[in-house]
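Q: Can you look at this prediction? I've put the sequence above it.
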Amino acid sequence: QVQLVESGGGLAQPGGSLTLSCVVSGIKLDTYSIAWFRQAPGKERVGISSISSSDGTPLYEPSVEGRFTISKDNAKNTMYLQMDSLNSEDTAVYYCAARKLGGFYGLLNSDWYEHWGQGIQVTVSS
């Protein structure tokens, strides 16, 4: 059984930082493409960052590029999202995801991921 379990969310002040973790079991992350998605209240789920299993190059959605950093530790089978310079627009439920497919097509498209975490709330407020 595949499980993805997020942790590290919560309340942060504007300009602050949080690091999300996603511990994965049932699959080996070194052979999977990974991504982080988020869903703000009343909005659709959107992809914000990913790493393809094909080359390991991070991809970022423009609103988070330069502020967020995606990474993974294959030995720990865990993926991370370091979030800096947070603002109110970053308030959302965050989801980690993994897919067996490599390549670069649909890396930030939720339809292309078969394994999902349960989601974790991140709130940015003073």
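A: Good, I have the coordinates.
Q: For residue 16, which non-adjacent residue is spatially closest?
A: Spatial nearest neighbour of residue 16, excluding adjacent residues (Cβ to Cβ, 6 or more residues apart in numbering): residue 86 at 5.3 Å. For glycine as for every other residue, the C-beta is placed from the backbone atoms N, C-alpha and C.
Q: okay but that neighbour is in contact with residue 14, surely?
A: Yes - using Cβ atoms under 8 Å, residue 86 is in contact with residue 14, at 6.4 Å.
Q: Give me the common contacts of these two.
A: residue 124 (Cβ atoms under 8 Å, 6 or more residues apart in numbering).
Q: of these two, who's got more company?
A: More crowded of residue 86 and residue 14, by other Cβ atoms under 10 Å: residue 86, with 21 against 12.
Q: mind listing what the more buried one touches?
A: So residue 86 contacts 12-18, 67, 122, 124 (Cβ under 8 Å, 6+ apart).
Q: and the residue nearest the centre of the chain, what does it touch?
A: What sits nearest the mean C-alpha location of the chain, by Cα atoms, centre = their mean, is residue 36, with 1.9 Å. Counting by Cβ under 8 Å, 6+ apart, residue 36 touches 20, 47-50, 68, 70, 79, 81, 94-97.
Q: Go again with 7 Å.
A: 48-49, 70, 81, 94, 96 (Cβ atoms under 7 Å, 6 or more residues apart in numbering).
Q: Got phi/psi on it?
A: Note on residue 36: backbone dihedrals following degrees, to the nearest 10 are phi -120, psi 140.
Q: what is it paired to in the beta sheet?
A: residue 49, residue 96 (DSSP bridges).
Q: Renumber starting at 370 from here on
A: Noted, 370 is the first residue going forward, which turns the last one into residue 405.
Q: OK, contacts around the closest residue to residue 485 other than its chain neighbours?
A: Spatial nearest neighbour of residue 485, chain neighbours left out: residue 466 (5.2 Å); criterion: Cβ to Cβ, 6+ apart. For residue 466, the contacting residues are 403-404, 406, 482, 484-485, by Cβ under 7 Å, 6+ apart.
Q: ok, those residues vs residue 473, which is closest?
A: Proximity of the contacts of residue 466 to residue 473 (Cβ to Cβ) peaks at residue 404, which lies at 12.0 Å.
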